[in-house]
Structures are given as structure tokens and as C-alpha cells.
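>>> let's see this in three dimensions:
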Amino acid sequence: MTTTTLAVLVPLLPFLGAAAGLLLGRTAPGYVRPLAVLPTLVAAVLAVVVAARQGGGPAIDAATRLTPTGSVPIDLALHLDGFAVLVAVLVGLVATCVQIYSTGYLRDDPRYPSYAALVSLFTAAMLLVVYSGDLMVLMVGWEIMGICSYFLVGHYWETPEARAASLKAFLVTKLGDVPFLIGLFALAADTGTFRITGILGAVANGGLDHPTVIALLLLAGVAGKSAQFPLHTWLPDAMAGPTPVSALIHAATMVAAGIYFVARLLPVFAESGAALVVLAVMAAVTMIGSGLAALAQDDIKRVLAYSTIGQLGYMSGALAVGDRGAAVFHLLSHGAFKAVLFLAAGVVIHAAGTNSLAAMSRMGGLAKRIPDAYWTMTVALLALAAIPPFAGFFSKEAVLVAAEHTAFGDRHVAPAAAGWTVLVAGLLAAVLTAAYATRLWLLAFRGRGAEVPDHGRQPVAMTAVLWVLAIPTIAFGLTVGVITDWFDGHSLTPTVTTAVLSTGVALVGGLVTYAAWRHTTALAARTAVGAVVAHPDAEPALVEAEAMTHHTAGYGDTPGTPDPADPGRLLLGPLHRHAATGFHLDALYTKLFVRPVQAAASLVRFLDREVVDTYVRGSGTGARLLGTAVRRAQTGNVQTYLSALLAGSLVLAIAAVVFATVNAGS
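Purely as a prediction, here's the structure:
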């Protein structure tokens, strides 16, 4: 088969698997799991073959006219360059691991058939986005992912949290998609095509007349899809869905789509220095704000959600300084270790037997019971904190090196202001990332929360994929000198300055958090000893557990008061209660947008009910009264009809005489 034929099969196979799964889910449940895993697995293998054949060489393009539009044509086109084929491999790998993992995680879920089919459709949509060479076809995959996320985040629709989270994710991302679609049409109007190669050719020849307006419109959609400030608020709430769905959204689909889109069309954004500065500021605020928020969360999945937002901020920062190689490199690296983190968190929750144990302050006694999750999560957290030699170190260094070159004028793709903004924010975010990664590890595996019941050994399907994904988490960064062909020949090697600086600040963040944890643990232990002394007749273990529960329960109930069980409170101080709520952005949006819209809706409803309906009811009442009057005249008595006829004739005769007299006198 040709490379283009194999590339067509990559998104087609998961799509066919989704269709077959939906059709056979009820009639032949025994085929559901094979239809979930095998098509995605084969698609992943084919994606590897396509990547090997492309080999980092010139892009492979193929297209056929989809439909004549009379103006700008729409083509069913493939565009296979180094970025596309590597991202497709990531999507296939993570999606396959998620499908295998889900067979154990949701083995008793009655809605597993529809879930598995939606995951396959989600995967097919992302692969369509990755391989598409036409923006309108790309938009199809973009929107299919949006509706799949709505259904998957709301999988546990019985709970109000899941229903609200799915609706919020859908509405916030659609809010960004409106200007995004306008930007696509404006881009096609300027360049005369939706084909990515045609657009890039037109940009290179100076054919873009409104670069700033187009870039800003497109960035609105990217901010929504990739959860960047100020449209990031949907992502932490989306943790109400199943944990494998979180892994898929955060590691390989949905949020990665926006970053990938900007990377594909980076020359369009590079035409506007103002747009790059806006993107840099957006990335900086996202990195720092999400890091502070992650340090204040108690739910392990919300910590990871804010972590994803921050890491996407690094990718946006790399794009803001004009380096798409660094952005996609970090996207690939982040996809591997973030999938490990979420799937390992799922093992932790599964071992606890309930989603309520996602609160890290209540965890305890899990490290020895789930060694696979413990060790792989430790490796992934080291990668997240950018500690060498793990993959996160090399990819984050590539971002900082690109920002350094722009800041000091060694690269002139973006303004120096964008470089300084990304560089300073990236270093600050590195401190925060190491801090919340250390805090998560300490609280989840070294905490003194309640001992949860032992639910037995975790399914092999859930633990095996952790080690599969741990391999690129450990080794992918070491291939930095080998994969440059797939990154336009661009070097991604770290420099000594940024490597020492970023590693140093990361170590400081981790060590300070560890010291704060030791301090708070000692304080909690003294409190527990005091409780034992105060209750000498009680069972010491029970009294100590009650004292520890007193310090860990009601997380965040007393603003400004450090909790002896959590170093995050000590580190953030008075800022903690603001960071724990995401700096009240949801409350702000409620006041600025939700309540005015609700008030306007109430006004419209009042006018419709009291004004419009009054006229409608009035016309109906008038017709009804007229009908009543006419009905009463229809008595069926012939004498009455003749009397009325004679009376009418007499009236007409008198009127005729009067009219004739008046005319004669005049």
C-alpha cells in the first residue's frame, strides 16, 4: 500500500470501530471490547509505519475535490509532514492504552459499549485533525471532538457534577469556536483557499491582508480548545468524567488540537507581532496562574488538570516565540507522561474503591499496595518537574531555549518582548511545577490520611499500560539528537545556561515543598500526641486518626489558616483560598456574563408572556366573542330571520331616501 492509503486508514479504522461498536453494543456485547481495542491498535501500528515512511523528509500531500462551492473549494486533503506523523503516533499510542485500560477500569459499567465507541470516535476525530490538509475538513474533526468530550465528560450523568461539567466544557469551547470559524473564513477570503499548503504559500508571497485580525480570531478558538487563559475554566471541572477519558483529553486529543493547529499555521501568526505578544502574555498568565492553582487543590485529578493547563502554556509560549519544533516536542513529551499520571491516578482511585478518595489529604497506605502506579507515577512526576534525564526536561528546555534566543535577539521571528515574557514566566512556572508535583507525591503516597480498604490486586489491563507509557516518559528525551529530521532539522538540544537555571529552580521548588511538608507533618504529629494525652483512656490509634482527620477534613474551610496536613497552605499563605477556587474566575464570569444573560432572558420571557401573549390572547378573545355573537343570531327560527330581513330592508330603504334627499338639496 502507498503511504497515503495507509494514512487514510489511520483515522478510518477507529471510526469504523466506533460505528460497529454502537451497532453491536446491545446485540453482540462480546464483540465490544475487541471492537474498541483492535481498530485503534491497528491504527496506531499504521501510524508508526506512516511515520517511518515519511522519515522526516519532504511533506507528502494528496487531495481530491470534495465538493464544488462556487468560490473557495473544499478538498479532502492529506498533509503528512514530520509534525503530523509524530503526533499521530502519540494519538494512536495513548488511545490504544486508554482503550485497554478502560476494559479493566469500566469492566462493570453498563454503559461501556457506548463509552468505548465514543472513545474510538474521539480518536478518529483527532487523527483527522492531525492528517488533514484542508481547514474545513480539519474543522469537522475539531467539532466532532467537542461533541465527544460532551458525552464522555458527562458519562456519569446521574451526578450533577458530571452533567454541569459536560455542559460547561461544551459551551466554553463553543464560545471560542465562533470567532475561530470567522477567522477561518477570513483567512480563506484573504488567501483564496482552505488548503494549508495554499495558505502558507500565499503568506510567503505576502498575500495576507489582515494578519492581526485573523490571528486573534483564531487564537480565541485555540484558547477554548487548548484551555488557555481566559477560556481554561472548563478543564478542571471536566475531571468529573471517567479517569481514562481525562487521560485521553489531556494527553493526546482535544487540548492538544489547538496547539497543533497553531503549529501548522505558525507563519500566519508570525505575520503579526501583536498577535505573538498576545499569545505570549496569554501563555505567561496561564503558566503562572495554573501553577498556583495546582498547588492549592486537594483532588488529585484537579491538580493534574491545572498541570495540563500550565504545560499547554509552555507550548503556547514556544509558539509565541516562533518555535513550533519546541512546541510540538513538548506536546509529544507531555502526552506520554501526562497519560501515565492520569492513568496512575485512576489506579489510585480504583484501589481506594471510590472516587471520593481522590482527595489527597485523605490518602494513606497505598504506595505498597499499588507499586506499579507508585513507581510509574514517580517517574512521570519527575518528568513533569523537568528533572533530567526524563523526557520533560528536554522538551521544557527546548521551550526555554527558544524563549532565550528571542529575548536576546538571536532569533527575529517574534518580538523580544514575547521572548522575555515567556522566559521569565517559564522559569517561575518551573518552580511552581516542581512544588505541586512534589506535594502531590508526598500527599498521595507519603500522607497520613485514612487507611482505605484493600480492594485486591488491580487488573493487569490497567497496570501494564502504565509501564508501556513509562518507556517514552523515560527515554523520549534521549532521542533529541535523532528526531531532528521530523522537526524541520531544527536542533532541540538544551543549552547549559537554561538547563542549569531551570533545573536549579525546579530543585528549589521541590526542596522547599518537602521542607514545608516535614514542618506540617511534625506539627500534625504534635497535635495528634496532644490528642492522645487529652484522652488517656481512649485507644491511641483511634484518637490519632481522629486528630489527623480533624486536620485534613474540611479542606479549605478556614481561609487563611494553615492546615498542618498540607504544605500547600503554608507555601501559599493568604493566597491559598483564592488559588483553590481558580482565583474566582468562575464567579467573575457568572457576574459578568451568566447573570446578565439570565436577566436578559427573564426580561424577554416577561415581555413574551405579558406583552406578546396579551395581544395573542386578545385577538383570540375578540374572535371568540364575535363568534359567540354570530352563534346567538343563528336561532333556527324562520320568523326571526324574516323579521330581521324586513328590518334590514326597511333600514336600507330609509337610508336610500335620506341619501337621495341630501343629494337633491345639494
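>>> so what's residue 457 up against?
Applying Cβ atoms under 8 Å, 6 or more residues apart in numbering to residue 457 gives no contacts. All C-beta atoms are positioned from the backbone trio N, CA, C, and that covers glycine.
>>> buried ones in stretch 509-526?
509, 510, 512, 513, 514, 516, 517, 520, 521, 523, 524 (16 or more other Cβ atoms under 10 Å).
>>> one more: stretch 121-137?
121-137.
>>> which other helices and strands does the helix or strand where residue 32 lies contact?
Per DSSP states H and E: residue 32 is located in helix 32-54. Secondary-structure packing of helix 32-54 (3 or more Cβ pairs under 8 Å, 6 or more residues apart in numbering; DSSP states H and E): helix 3-24, helix 82-105, helix 112-131.
>>> residues contacting residue 37?
Applying Cβ under 8 Å, 6+ apart, the residues contacting residue 37 are 96, 99, 100, 103.
>>> next SSE after the helix or strand harbouring residue 261?
Assigned by DSSP H and E, residue 261 belongs to helix 255-264. From helix 255-264 onward toward the C-terminus, using DSSP H and E, the following helix or strand is helix 266-270.
>>> these two touch, right, residue 177 and residue 224?
Yes. Residue 177 lies in contact with residue 224 (Cβ atoms under 8 Å); the separation is 6.5 Å.
>>> between those two, who's got more neighbours?
Neighbour tally, residue 177 and residue 224, criterion other Cβ atoms under 10 Å: the higher count belongs to residue 224, 26 against 18.
>>> how close does the more buried one get to residue 282?
Counting by Cβ to Cβ, to the nearest Å, the gap from residue 224 to residue 282 is 12 Å.
>>> please apply the same query to residue 441.
30 Å.
>>> now do residue 141
24 Å.
>>> do the same with residue 428
For residue 428, the distance to residue 282 - Cβ to Cβ - is 16 Å.
>>> so where do the helices sit in the stretch 251-400 of the chain?
255-264, 266-270, 273-294, 300-320, 324-352, 371-384, 391-407 (DSSP state H, counting those that start in this stretch).
>>> okay, these in a markdown table with mean pLDDT, mean neighbour count and distance to residue 237 next?
Shown next, in a markdown table, are the helices of the stretch 251-400 of the chain (pLDDT from 0 to 100; neighbours: other Cβ atoms under 10 Å; distance: least, Cβ to Cβ, whole Å):
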| stretch | mean pLDDT | mean neighbour count | distance to residue 237 |
| --- | --- | --- | --- |
| helix 255-264 | 95 | 26 | 14 |
| helix 266-270 | 95 | 22 | 29 |
| helix 273-294 | 96 | 23 | 13 |
| helix 300-320 | 95 | 28 | 8 |
| helix 324-352 | 91 | 27 | 16 |
| helix 371-384 | 94 | 23 | 21 |
| helix 391-407 | 94 | 27 | 26 |
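>>> of those helices, give the one that comes closest to residue 466.
helix 371-384 (4.2 Å; Cβ to Cβ).
>>> doesn't residue 133 make contact with residue 75?
Yes. Under the criterion of Cβ under 8 Å, residue 75 makes contact with residue 133 at 7.3 Å.
>>> list residues touching both of these two?
63, 195.
>>> what bits of the stretch 551-666 of the chain have low per-residue confidence?
Low-confidence segments of the stretch 551-666 of the chain (pLDDT under 70): 551-565, 666.
>>> relative to the whole chain's centre, how far out is the helix or strand harbouring residue 188?
Here residue 188 is covered by helix 160-191, with elements defined by DSSP H and E. Mean C-alpha position of helix 160-191 versus that of the full chain (Cα atoms, centre = their mean, to the nearest Å) differs by 12 Å.
>>> who are the packing partners of the next helix or strand after that helix?
Going down the chain from helix 160-191, the next helix or strand is helix 196-204, by DSSP H and E. Helices and strands touching helix 196-204, by 3+ Cβ pairs under 8 Å, 6+ apart, are strand 74-80, helix 160-191, helix 266-270.
>>> residue 107: which of those is closest?
helix 160-191 (19.7 Å).
>>> residue 405 and residue 411 touch, don't they?
Yes. Under the criterion of Cβ under 8 Å, residue 405 makes contact with residue 411 at 4.3 Å.
>>> who touches both of those two?
Common neighbours of residue 405 and residue 411 (Cβ under 8 Å, 6+ apart) are 321, 419.
>>> low-confidence regions, the stretch 151-300 of the chain specifically.
Residues of the stretch 151-300 of the chain that meet the cut-off, pLDDT under 70, do not exist.
>>> if I've got this straight, residue 26 is in a helix?
No. Applying DSSP: H, G, I helix; E, B strand; the rest coil, one finds residue 26 to be coil, outside a helix.
>>> tell me the contacts of it?
residue 113.
>>> that one and residue 478, how far apart?
Taken as Cβ to Cβ, the span from residue 26 to residue 478 is 47 Å.
>>> now do residue 338
On the measure of Cβ to Cβ, residue 338 and residue 478 end up 19 Å apart.
>>> now do residue 345
Residue 345 is 26 Å from residue 478, by Cβ to Cβ.
>>> swap in residue 442?
Counting by Cβ to Cβ - residue 442 and residue 478 are separated by 28 Å.
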